[in-house]
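*Asks:* the following comprises the amino acid sequence and a computationally predicted model.
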Amino acid sequence: MIDTTPQTADGKVLWHFSMSLDGFVAGPNHSMSWLSRTTSSRPGLVEEYMSTTGAVLGGRSGWDATPEGVRPYNDWQGPIFILTHHPEDARKEEGVTLLNCDVAEAVRIGLEAAGGKNLEVFSPTIGAQLLERGLIDEIDLHISPVLLGDGVRLFHNPGGQPVHLNLVGADEPTVEINVRYRPLS
């Protein structure tokens with residue numbers, strides 16, 4: 001099985017999520033409790049992301065569902081940008097900037113704040129908009145051994161065209177990945 005090489009802080013726009021096997025990045029109401037039963041695929045992964053992430057761009061729905069004081073990777077301290085149409089009624093928090101602008105402008109602001117490190121996108125809707133505009137450099141997914149059946153999908157594009165991807169680090173970039181699990185009893 002191909003595992004990606006460690007992340008580098010190259011100033012890229014990285015759409016990054018843990019995802020259920022059936023394509024959900026959050027449960028109903030943006031619940032993330034399902035992640036408590038999963039473990040990292042390799043030691044040091046969280047520290048790797050903490051060191052390569054310069055800024056985070058998220059959306060309002062996820063922000064509203066995040067408890068006050070909770071930061072990405074538990075204690076990462078970089079700038080967070082929340083893109084919203086209504087910043088006036090959003091929760092204010094130290095280190096979090098509320099933006100009301102075009103997604104491309106939000107990326108420009110985030111990359112500048114990231115100081116040469118990666119801008120991580122933690123929003124399915126913003127990620128999809130950036131993907132459509134060609135502003136995503138990489139999609140980094142951690143597939144968790146769980147079927148949620150409901151919640152927030154990574155990518156929802158009814159009636160849209162397929163988005164073909166190349167597998168990073170593979171000799172054949174269009175190869176399928178085989179994942180095999182057994183249900184727990």
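*Replies:* Looks like it came in fine.
*Asks:* can I have stretch 8-21 written out in PDB, keeping just the CAs?
*Replies:* The C-alpha trace of stretch 8-21 is given here as PDB (Å, rounded to 0.1, in the frame of the first residue of the first chain):
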ATOM      1  CA  THR A   8       6.700  19.700   3.400                       C
ATOM      2  CA  ALA A   9       6.100  23.300   4.200                       C
ATOM      3  CA  ASP A  10       6.200  24.500   0.500                       C
ATOM      4  CA  GLY A  11       3.600  27.300   0.700                       C
ATOM      5  CA  LYS A  12       1.000  25.100  -1.000                       C
ATOM      6  CA  VAL A  13      -2.800  25.200  -0.600                       C
ATOM      7  CA  LEU A  14      -3.600  21.900   1.000                       C
ATOM      8  CA  TRP A  15      -7.200  20.600   1.300                       C
ATOM      9  CA  HIS A  16      -6.800  18.400   4.300                       C
ATOM     10  CA  PHE A  17      -9.300  16.100   6.100                       C
ATOM     11  CA  SER A  18      -9.800  12.900   7.900                       C
ATOM     12  CA  MET A  19     -12.600  11.200   6.100                       C
ATOM     13  CA  SER A  20     -14.900   8.300   6.700                       C
ATOM     14  CA  LEU A  21     -14.700   5.400   4.200                       C
END
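*Asks:* how near is residue 121 to residue 42?
*Replies:* Look at residue 121 and residue 42: by C-beta to C-beta, to the nearest Å, they are 22 Å apart. For glycine as for every other residue, the C-beta is placed from the backbone atoms N, C-alpha and C.
*Asks:* what's the span of stretch 109-118, first residue to last?
*Replies:* Using C-alpha to C-alpha, to the nearest Å, one end of stretch 109-118 lies 12 Å from the other.
*Asks:* in the protein, where is pLDDT below threshold?
*Replies:* Judged by pLDDT under 70, the chain has its weakly predicted residues at 1-4, 40-41.
*Asks:* buried stuff in stretch 9-24?
*Replies:* Using 16 or more other C-beta atoms under 10 Å as the test for burial, stretch 9-24 gives 12, 13, 14, 15, 16, 17, 18, 19, 20, 23, 24.
*Asks:* so who does the closest residue to residue 122 other than its chain neighbours touch?
*Replies:* Nearest non-adjacent residue to residue 122, counting by C-beta to C-beta, 6 or more residues apart in numbering: residue 58, 4.4 Å away. By C-beta atoms under 8 Å, 6 or more residues apart in numbering, the contact list for residue 58 reads 80, 81, 82, 83, 121, 122, 123, 126.
*Asks:* right, I'll leave it there.
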